[in-house]
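**Student:** Build me a model:
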Amino acid sequence: MSLFTYTLPASAHANLLSSSPTQGAVLKTTPTDIRLLFTTSIDPTVYEFDVLDKDGVSVLTSDTKLRVIKNELTAS
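**Tutor:** As a prediction, this is how the structure comes out:
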């Protein structure tokens, strides 16, 4: 079971338009792809991103690839 969550710095100017899976979703398995879509381009150096299991432990590994293209953040 995985809990999908994310945080953005308080000074961020981009607003989240949508996410897949949705914020706060409780999943039976770890998702293979995660997408966050923002209202504007985001700076790839000023965000925090994590996927937690039911105990609050990160399930991201060194194999996880994070990509930022304009206003979309993708993890796979």
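**Student:** check contacts around residue 73.
**Tutor:** Each residue near residue 73 by Cβ atoms under 8 Å, 6 or more residues apart in numbering is listed here: 35-36, 38, 42, 47, 49, 66-67. All C-beta spots, glycine's among them, are computed from the backbone N, C-alpha and C.
**Student:** From those, which land in helices?
**Tutor:** Among the contacts of residue 73, none falls in helices (DSSP state H).
**Student:** Lowest-confidence entry in those residues?
**Tutor:** Least confident of the contacts of residue 73 in the model: residue 47, at 74.
**Student:** Distance of that one relative to residue 26?
**Tutor:** 23 Å (Cβ to Cβ, to the nearest Å).
**Student:** ok, back up a step: report the buried members of the contacts of residue 73.
**Tutor:** Burial by neighbour count, judged by 16 or more other Cβ atoms under 10 Å, picks out 36, 38, 42, 47, 49 from the contacts of residue 73.
**Student:** among those residues, which two are most distant?
**Tutor:** The most widely separated members of the buried ones among the contacts of residue 73, counting by Cβ to Cβ, are 38 and 49 (12.5 Å).
**Student:** Distance of residue 41 relative to residue 63?
**Tutor:** 26 Å.
**Student:** Of those two, which one has the most company?
**Tutor:** Ranked by neighbour count (other Cβ atoms under 10 Å), residue 41 and residue 63 place residue 41 first, with 13 against 6.
**Student:** So the more buried one sits against residue 13, correct?
**Tutor:** No: using Cβ atoms under 8 Å as the test, residue 41 is too far from residue 13 to be in contact (9.9 Å).
**Student:** tell me the contacts of the residue lying closest to residue 34 once chain neighbours are set aside?
**Tutor:** Excluding its sequence neighbours, the residue lying closest to residue 34 (Cβ to Cβ, 6 or more residues apart in numbering) is residue 75, at 4.4 Å. By Cβ under 8 Å, 6+ apart, the contact list for residue 75 reads 33-34, 49, 51, 60, 64-67.
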